[in-house]
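1. Turn this into a structure:
(chains A and B)
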Amino acid sequence: MSLLDLPFRPYAPGSQPDNDTPAYRSTRLRHPLRPLLRIPQTVTERTGPVFAPARFPAISNLAVNNGKEALGERIIVAGHVRDEDGRKLPGTMLEIWQANAAGRYNHARDQHDAPLDPDFSGAGRVFTDAEGGYRFVTVKPGAYPWGNHPNAWRPNHIHFSLFGPGYATRLITQMYFPGDPLLALDPIFLATAEAEARNRLVAVFDLAITEPNVALGYRFDIVLRGRQATPMED
Amino acid sequence: MPPATASQTIGPYWHLLEDAAWADLTRFGAAGEIITLSGRVIDGEGQMLTDACVEIWQAEPAAGETFGGFGRAATDDDGCFRFTTIKPGPLPGPGNSRQAPHIALTILARGLLFHLATRVYFSGEPGNEEDPVLRMIPPERRQTLLARPAGAGRWHIDIFLQGAHETVFLAI
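-> Presented below is the predicted three-dimensional model:
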């Protein structure tokens, strides 16, 4: 019996946001009205894509583009990717994207009246090392307005995309910053019922990651689904 | 360890990640029956999603040097996505069952706090009748997972997020 034979555990109640979240207006016409159908995890769900750095090169410094420094407060983000059983997950690809320091995405549809930075693309890709650790350098993203409700502003955040060991461990999330007053007003952040679960989306300032005379460091640890202790009878 | 990290929406600006080449799963030289899989993603009022990210994964043929099994495509201004891939064969299922050829498909978009998973099967495939997942679905909704032929080597499926034609989405 290898690890691959063990199915992934169901998500813990309250740990994930509900797609039916009226306070986040865009959910209204996009969430299914019928319940999801739970299916047994087959080879399709237990396995998943593997991304080799040789084919998908890492971009671990978003703060420098073509040799030029992006504007804004340089920061270091680092952490570990583990599963719910504490297993480290080496070789995991993390994709990251974010607004620039002024709160503007390098994206044609972002019409926020804030300056673009020609030296900041806002996209990166890193892989976890043998210990499941990752690290990248960027600039702190700015807050920006959005049309969800009157005077709505998204808190500062960095988007993360991870695959993990199986198709069933896919994770798209956002990392927030400690002390941000907008968190208490943000329907996307607040959509996760359990306060403990959503507060783990907030990075922790970490002097051990901070580099003297270079940049402040933030720790953001990520947990992917663990395995069932024993295989379920299908 | 705490439970898995909470999901958040991919948002409207995920295209910063996009590499259009990822929509072609044969780009590393895969051999086999090459097909295109196109589709649209449609909301509860019949509007096309023009900002969605669609990902596919198939465990057959097995991933290797020339075939990664994974693809990603954006829906365009008409709400359409299009992949080029190798038509999958059957796979073992739970117990002694046999799964019909299928492709796992995920919708990620603004307005979705947790991505939606479904499967694409091929209309008319003999193994569909015996497929253990399709058999769990009431017959009148099974066609929401069936791509229809749209010319030689072309398959098409529309994904309805809500409403009378709502696609069957899966908890996996």
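2. which residue ranges form the helices in chain B?
-> Along chain B, the stretches classed as helices by DSSP state H are B:139-142.
3. One more: chain A?
-> Using DSSP H, the helices assigned to chain A run over residues A:43-46, A:195-199.
4. Show me the one of those that comes nearest B:W22.
-> Ranking the helices of chain A by proximity to B:W22 (Cβ to Cβ) places helix A:43-46 first, at 19.1 Å. Where you see a C-beta, it was placed from the backbone N, CA and C, and this is true even at glycine.
5. Distance from that closest one to the middle of the chain?
-> For helix A:43-46, the distance from its own C-alpha centre to the chain's C-alpha centre is 23 Å (Cα atoms, centre = their mean, to the nearest Å).
6. can you give me the strands in chain A?
-> When assigned using DSSP state E, the strands of chain A occupy the ranges A:37-38, A:64-65, A:68-69, A:74-83, A:93-98, A:123-127, A:133-139, A:144-146, A:152-154, A:157-162, A:171-176, A:204-205, A:216-219, A:222-224.
7. biggest strand in chain B, by residue count?
-> Longest strand in chain B by number of residues, with DSSP E as the criterion: strand B:34-42.
8. which of the residues in that one are buried?
-> Neighbour-count burial for strand B:34-42, with 16 or more other Cβ atoms under 10 Å in any protein chain shown as criterion, is recorded at B:35-42.
9. residues near residue 127, how many?
-> I'll assume chain A. A:F127 sits with 18 neighbouring residues when counted by other Cβ atoms under 10 Å in any protein chain shown.
10. that answer is for a different chain, and I need it for chain B
-> Using other Cβ under 10 Å, B:G127 has 17 other residues around it.
11. Now stretch A:5-19: average pLDDT?
-> Here stretch A:5-19 scores 94 as its mean pLDDT.
12. List the buried residues of it.
-> Judged by neighbour count (16+ other Cβ under 10 Å), stretch A:5-19 contains these buried residues: A:6-9, A:11, A:14-17, A:19.
13. if I pick A:A101, what's in contact with it?
-> In this structure, A:A101 makes contact with A:70-73, A:117, A:120, A:139-142, judged by Cβ atoms under 8 Å, 6 or more residues apart in numbering or on different chains.
14. out of these, which are buried?
-> A:70-72, A:117, A:120, A:139-142.
15. middle-most residue in chain A, spatially?
-> A:F160 (2.7 Å; Cα atoms, centre = their mean).
16. how deep is the residue nearest to that one when sequence neighbours are not counted tucked in, by neighbour count?
-> Leaving out its chain neighbours, the residue that sits closest to A:F160 by Cβ to Cβ, 6 or more residues apart in numbering or on different chains is A:T173, at 5.1 Å. Using other Cβ under 10 Å, A:T173 is surrounded by 22 other residues.
17. shouldn't B:Q8 be in contact with A:P187?
-> No: B:Q8 sits out of contact with A:P187 when judged by Cβ atoms under 8 Å, with a separation of 11.2 Å.
18. For B:L112, see how far away the residue nearest the centre of chain B is.
-> Ranked by distance to the mean C-alpha position of chain B (Cα atoms, centre = their mean), the top residue is B:L105 at 2.3 Å. The gap separating B:L105 from B:L112 is 14 Å, by Cβ to Cβ, to the nearest Å.
19. Could you do A:V202 as well?
-> Shown here: A:V202 relative to B:L112, a distance of 22 Å by Cβ to Cβ.
20. With B:Y13 instead?
-> When B:Y13 is compared with B:L112 (using Cβ to Cβ), they lie 14 Å apart.
21. out of the two, which sits in the more crowded spot?
-> Remark: of B:Y13 and B:L112, B:L112 carries more neighbours, 28 against 21, as counted by other Cβ under 10 Å.
22. For that one, give me its contacts.
-> If a contact means Cβ under 8 Å, 6+ apart, then B:L112 has A:19, A:27, A:30-31, B:9-10 as its contacts.
23. Let me know the closest of those to B:V133.
-> Ranking the contacts of B:L112 by separation from B:V133, with Cβ to Cβ as the measure, puts A:N19 on top at 21.1 Å.
24. Now for the closest residue to the closest one other than its chain neighbours, how many residues are close by?
-> In space, A:N19 comes closest to A:H31 once its chain neighbours are excluded; the distance is 3.8 Å by Cβ to Cβ, 6+ apart. The local packing of A:H31 (other Cβ under 10 Å) involves 23 other residues.
25. shouldn't A:H31 be in contact with B:G163?
-> No: under the criterion of Cβ under 8 Å, A:H31 is not in contact with B:G163, lying 11.4 Å apart.
26. show me where chain B has strands.
-> Residue ranges of the strands in chain B, as given by DSSP E, are B:34-42, B:53-57, B:70-74, B:80-86, B:91-92, B:98-99, B:102-108, B:116-122, B:146-149, B:154-160, B:170-171.
27. wait, does the fifth one contact chain A?
-> Pointing back at strand B:91-92 there. Yes: for strand B:91-92 and chain A, the contact criterion (Cβ under 8 Å from any Cβ of the partner chain) is met by B:91-92.
28. who's in contact with the nearest residue to B:A6 once chain neighbours are set aside?
-> Spatially, and ignoring its direct neighbours in sequence, B:A6 is nearest to A:T192 (4.4 Å; Cβ to Cβ, 6+ apart). Contacts for A:T192 were tallied using Cβ under 8 Å, 6+ apart; they are A:14-17, A:198, A:201, B:6.
29. Look up how far B:F160 lies from the nearest residue to B:Q47 once chain neighbours are set aside.
-> Setting aside the residues directly before and after it, B:Q47 is nearest to A:L29 in space (Cβ to Cβ, 6+ apart), at 7.3 Å. Per Cβ to Cβ, A:L29 is found 11 Å from B:F160.
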